[in-house]
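**Student:** sequence below, structure please.
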Amino acid sequence: MPIIQRLSEEVFSRIAAGEVVERPASLLKELIENSLDAHSTSIDIEIFGAGKTSLRVSDNGVGMDADDVKLCLERHATSKIAAFEDLDNLHTFGFRGEALYAIAAVAKVTVTSAQKESKTGWRVTSEKGRITDGPAPAVAGTTVFVRDLFYNTPARLEFLKSDGSERSKLAAVIEEAALANPGVRFTYKSEGRQVLRLEPEDSGDFFHDFDMRVAAVLGDDLASGLLPIDVERPGVRVRMLVSPFDKMPSSRGFQYFFVNKRPVASKILSTALYKAYGDQRPSGKQPVCVALLELNPDAFDANVHPGKREVRFKDDGEMFEIVSGLVAAALAKAKAAAPITLAPMPEPEPASVVADAPATASNAPASDHYLGGRGFIPEPFKQIKLSASMAMSAPDGAPAWYTPPFRYVGQIERSYLLFEANGGLFILDQHAAAERVLYEKLLGEIETGGAKSQKLMIPVPVDLPASAVRAVLDKSDRLHKIGFEVAAFGKNGLHVTAVPALFYQADDVKKLIHRIIDSLSDPVHEAERLRHDVTATIACKAAVKSHDRLGEEEAYKLLDALRDCKDGSACPHGRRAMLSLNRDELARRFQRPGAVPLA
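**Tutor:** Predicted coordinates:
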């Protein structure tokens with residue numbers, strides 16, 4: 001009996017569909033691209049059950065006659081190419097001729113279409129392998145209605161994310177299409193609620209329309225102040241909006257690259273963007289970028305992956321230099337044009353290694369948390385201070401670095417705490433050490449039921465794309481455990497209504513929401529990364545800063561609190577928190593044969 005067998009069409013069609021229809025969002029992307037190829041100026045999307053129960057896309061494009069409607073669900077049936085050579089001269093999104101066929105293999109599909117001024121339309125339905133067709137109302141354009149996605153491949157449903165995550169991905173597809181096509185009207189309803197309504201921008205000035213659409217999608221906070229780039233060279237046109245040096249969010253999630261209006265993921269373009277910013281980009285900040293590149297069809301290959309997300313350029317080096325050079329030039333021009341303002345400089349204080357006077361608690365805020373020496377030391381952190389003459393060994397379980405007795409010497413540059421430690425020197429980075437103490441304290445609270453939270457009298461608004469809003473809301477339970485409460489607000493954004501008790505600056509809240517968006521980009525380690533990133537950021541913002549004045553008592557309390565940490569050697573971001581030189585090392589540095597033993 002032969003081992004090799006021909007697969008039935010039912011089997012191989014379902015397998016092939018997996019390359020094109022990975023999830024509701026990939027299905028939606030194919031349908032929107034078909035609508036755009038049909039020259040639609042208005043596209044309406046409506047979903048239920050996060051796109052699994054039903055998904056409808058209606059457009060006002062050129063439509064199809066009865067013969068084309070009957071053919072549209074056939075395998076390898078397409079209007080976009082006629083010969084192999086046409087692949088090198090594509091001016092449309094799709095060319096495989098299998099999107100509708102692939103969708104029909106894993107869902108129940110109805111396509112209704114009519115051409116303008118026609119007296120009747122036509123409808124075709126594919127359900128469980130049976131295709132039926134017949135006349136329909138003469139509504140110009142095309143409507144594709146997809147029901148029961150993966151009804152015949154239920155195992156694939158198990159690999160989808162939560163409904164909230166899938167809705168976020170659906171919204172992201174619409175946002176990308178809207179950014180690349182500012183003249184097209186988009187509406188999006190999810191579970192009966194309108195999520196997006198983007199009216200066409202058709203002033204006649206493309207860059208003005210592009211700028212307005214970017215603001216409508218990203219929100220005013222992210223879109224304001226972006227630098228325009230509009231350059232045309234032989235074979236390439238580049239239109240971009242990028243962040244200046246002084247206005248960047250904390251997330252990489254607001255970077256969009258399009259090649260001939262097709263959204264692409266390209267390491268070449270991303271690396272070129274960051275090369276332009278170089279080492280002048282503020283630490284922890286990421287540029288916003290919306291880039292529309294227009295190339296000759298034969299200058300790139302979009303047929304790298306069935307999802308058409310990846311792109312390969314004929315000349316990677318040229319594209320890198322063009323994008324990097326144009327962004328760098330725009331940044332240099334903006335920096336040169338920035339007004340120079342001179343603020344009065346305070347009198348500098350000479351650096352010293354003299355102990356500052358202990359901070360007083362007369363104006364201390366009422367808080368249950370250790371604020372890293374901001375003039376207040378709560379009772380739980382008050383421990384017995386060792387005098388310089390008390391020689392004792394480290395208690396059981398103490399870390400290796402903890403070698404008392406410690407004698408506080410002073411503060412260097414109001415950043416480093418200097419101690420004499422058993423005949424040697426011990427130096428603490430006060431910010432990194434306080435950050436580690438707070439980080440482990442917050443983690444402990446989270447693990448035992450949730451971090452302490454405080455309601456805000458005035459909610460902090462955060463402008464975001466609708467897809468990012470959905471992603472954050474989907475993780476609201478996890479955020480609640482960390483101390484945050486968030487709610488959807490307006491057309492583009494969130495309201496943060498409660499924050500951890502240690503977190504109080506509105507700008508810091510916005511930065512942290514951006515960090516959360518980045519944490520959600522890693523699906524494998526999402527939960528752990530979210531908890532670590534958010535907790536580390538809270539600790540960083542709440543901890544004592546470099547250049548804060550610390551007194552002797554506060555220095556001892558910080559040292560004792562660090563001793564009790566699981567890992568006091570570094571801050572949560574991995575930066576070193578301490579440095580020590582023992583007696584032998586000091587003697588070696590000064591070329592002495594040995595140090596005099598302590599009495």
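
**Student:** tell me the secondary structure at the closest residue in space to residue 210 that isn't next to it in sequence.
**Tutor:** Nearest residue to residue 210 in three dimensions, chain neighbours excluded: residue 182, at 5.3 Å (Cβ to Cβ, 6 or more residues apart in numbering). For every residue, glycine as well, the C-beta is placed using N, CA and C. Classification of residue 182 by DSSP: H, G, I helix; E, B strand; the rest coil places it in coil.

**Student:** then stretch 417-427 to CSV, C-alphas only?
**Tutor:** In CSV, the C-alpha atoms belonging to stretch 417-427 read as follows (Å, rounded to 0.1, in the frame of the first residue of the first chain):
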residue,chain,number,x,y,z
LEU,A,417,27.0,57.5,51.0
LEU,A,418,30.5,56.8,52.4
PHE,A,419,31.1,54.4,55.3
GLU,A,420,34.1,53.1,57.1
ALA,A,421,33.6,49.3,57.2
ASN,A,422,35.8,47.2,59.4
GLY,A,423,38.9,49.1,58.4
GLY,A,424,37.9,49.5,54.7
LEU,A,425,35.7,51.8,52.7
PHE,A,426,32.1,51.0,51.7
ILE,A,427,30.2,53.3,49.3
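
**Student:** now residue 141. Nearest residue, chain neighbours left out?
**Tutor:** Counting by Cβ to Cβ, 6+ apart, residue 60 is the residue found nearest to residue 141 once chain neighbours are left out, at 4.3 Å.

**Student:** re earlier: mind checking pLDDT for the residue nearest to residue 210?
**Tutor:** pLDDT, residue 182: 96.

**Student:** isn't it up against residue 201?
**Tutor:** Yes. With contacts counted by Cβ atoms under 8 Å, residue 182 reaches residue 201, the gap being 4.3 Å.

**Student:** pull up the overlap in contacts between the two.
**Tutor:** Residues touching both residue 182 and residue 201 (Cβ atoms under 8 Å, 6 or more residues apart in numbering): 209, 210, 212, 213.

**Student:** keeping just the C-alphas, turn the helix or strand hosting the last one into CSV.
**Tutor:** Secondary structure here is read from DSSP states H and E; on that basis residue 213 sits in helix 206-218. The C-alpha atoms that make up helix 206-218 are tabulated as CSV, following Å, rounded to 0.1, in the frame of the first residue of the first chain:
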residue,chain,number,x,y,z
PHE,A,206,-1.3,65.5,1.4
PHE,A,207,1.1,66.3,4.2
HIS,A,208,-1.5,68.3,6.1
ASP,A,209,-3.9,65.5,5.8
PHE,A,210,-1.2,63.0,6.9
ASP,A,211,-0.5,65.1,9.9
MET,A,212,-4.1,65.4,10.9
ARG,A,213,-4.7,61.6,10.5
VAL,A,214,-1.7,60.9,12.7
ALA,A,215,-3.1,63.1,15.4
ALA,A,216,-6.5,61.5,15.1
VAL,A,217,-5.0,58.0,15.5
LEU,A,218,-2.2,58.5,18.1
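
**Student:** what does it contact?
**Tutor:** Residues from elsewhere that reach helix 206-218 (Cβ under 8 Å, 6+ apart): 175, 178-179, 182-183, 198, 201-203, 223-224, 226, 228, 230, 239, 241, 254, 288, 290, 292, 463-465, 492.

**Student:** show me which of these are buried.
**Tutor:** Among these, the ones that count as buried by 16 or more other Cβ atoms under 10 Å are 175, 178-179, 182, 198, 201, 223, 226, 239, 241, 254, 288, 290, 292, 463-465, 492.

**Student:** quick one: which of those sit in strands?
**Tutor:** 198, 239, 241, 290, 292 (DSSP state E).

**Student:** not counting its neighbours along the chain, what's nearest the second one?
**Tutor:** Across the structure, with Cβ to Cβ, 6+ apart as the measure, the residue nearest residue 239 apart from its sequence neighbours is residue 292 (4.4 Å).

**Student:** quick check: mean pLDDT of stretch 561-580?
**Tutor:** The model assigns stretch 561-580 a mean pLDDT of 86.

**Student:** do the same with stretch 257-265
**Tutor:** Average pLDDT, stretch 257-265: 92.

**Student:** distance check, residue 69 against residue 445.
**Tutor:** 61 Å (Cβ to Cβ, to the nearest Å).

**Student:** between these two, who's got more neighbours?
**Tutor:** residue 69 (22 against 19; other Cβ atoms under 10 Å).

**Student:** count the residues that sit near residue 328.
**Tutor:** By the criterion of other Cβ under 10 Å, residue 328 has 16 neighbours.

**Student:** next: residue 565.
**Tutor:** Number of residues near residue 565 (other Cβ under 10 Å) recorded here: 16.

**Student:** quick check: domain ranges of this structure?
**Tutor:** The domain map for the chain lists 9-198, 206-335, 352-599, with the assignment taken from automatic domain parsing.

**Student:** nearest approach to residue 3 belongs to which of the ones you listed?
**Tutor:** Across those, residue 3 has its closest neighbour in domain 9-198 (16.4 Å, Cβ to Cβ).
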